[in-house]
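*Asks:* Sequence and predicted structure are below.
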Amino acid sequence: MKIMTKIEDAYLKSVAILLFLAGAAKLISASQKLAVLTMPDPLIGFLSVRQIDNIVGVLEVVLAGYIFTPRKVLFQLGLVAWLSVLFIIYRIGLTLVGFRGMCPCLGNASSWLKTSDASINNIAKIMLAYFFVGSVCLIGNQMALLFGKTSTKSV
């Protein structure tokens with residue numbers, strides 16, 4: 001197995017595990033009876049925080065399962081990049097509407113992990129950066145291989 005294939009495989013498996021954990025956290029959070037979950041989402045106001053947690057939680061778990069099945073690596077990386085861009089757009093949208101609270105990115109995991117909301121928010125940001133940068137870099141490598149641009153000739 002080539003080194004890049006091993007790197008891609010390890011990256012995709014780690015992403016799948018993180019997506020599964022994040023999705024499970026959202027689904028567990030959405031099942032709890034908390035008043036905050038009935039409030040409108042700060043960006044997508046026609047849906048409640050609970051509905052967003054359920055939709056995104058299911059999406060993350062399904063994507064994690066898809067990544068664990070043998071598929072075309074480029075397509076799997078593309079899905080990770082696509083989801084990352086959606087999350088980035090969501091975070092930018094929160095900023096643009098002046099939302100100052102915590103992103104509900106991992107549900108209310110801070111309460112059952114016994115950590116601060118700020119720590120959970122930082123974990124979510126690190127995961128998002130890992131998903132985006134990793135997928136884009138590996139897509140770039142795949143595209144270079146696909147189009148034969150990996151020549152090692154000196155200019």
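*Replies:* Received, thanks. Residues are numbered from 1 along each chain as shown.
*Asks:* For the rest of this, base every contact and every neighbour count on C-alpha atoms.
*Replies:* OK.
*Asks:* Which stretches in the protein count as helices?
*Replies:* Here the chain has its helices, by DSSP state H, at 3-30, 49-68, 73-96, 109-113, 117-146.
*Asks:* Go through the longest one and flag the buried ones.
*Replies:* This points to helix 117-146. Using 16 or more other C-alpha atoms under 10 Å as the test for burial, helix 117-146 gives 117, 120-121, 124-125, 127-128, 131-132, 134-136, 138-139, 141-142.
*Asks:* any idea how far I17 lies from K33?
*Replies:* Distance from I17 to K33, counting by C-alpha to C-alpha, to the nearest Å: 27 Å.
*Asks:* These two: which has the busier surroundings?
*Replies:* I17 (17 against 10; other C-alpha atoms under 10 Å).
*Asks:* which residues touch the more buried one?
*Replies:* A64 (C-alpha atoms under 8 Å, 6 or more residues apart in numbering).
*Asks:* Look up how far N54 lies from it.
*Replies:* Separation of I17 from N54 (C-alpha to C-alpha): 18 Å.
*Asks:* Tell me the buried residues in stretch 12-22?
*Replies:* By 16+ other C-alpha under 10 Å, the buried positions in stretch 12-22 come out as L12, S14, V15, A16, I17, L18, L19, F20, L21, A22.
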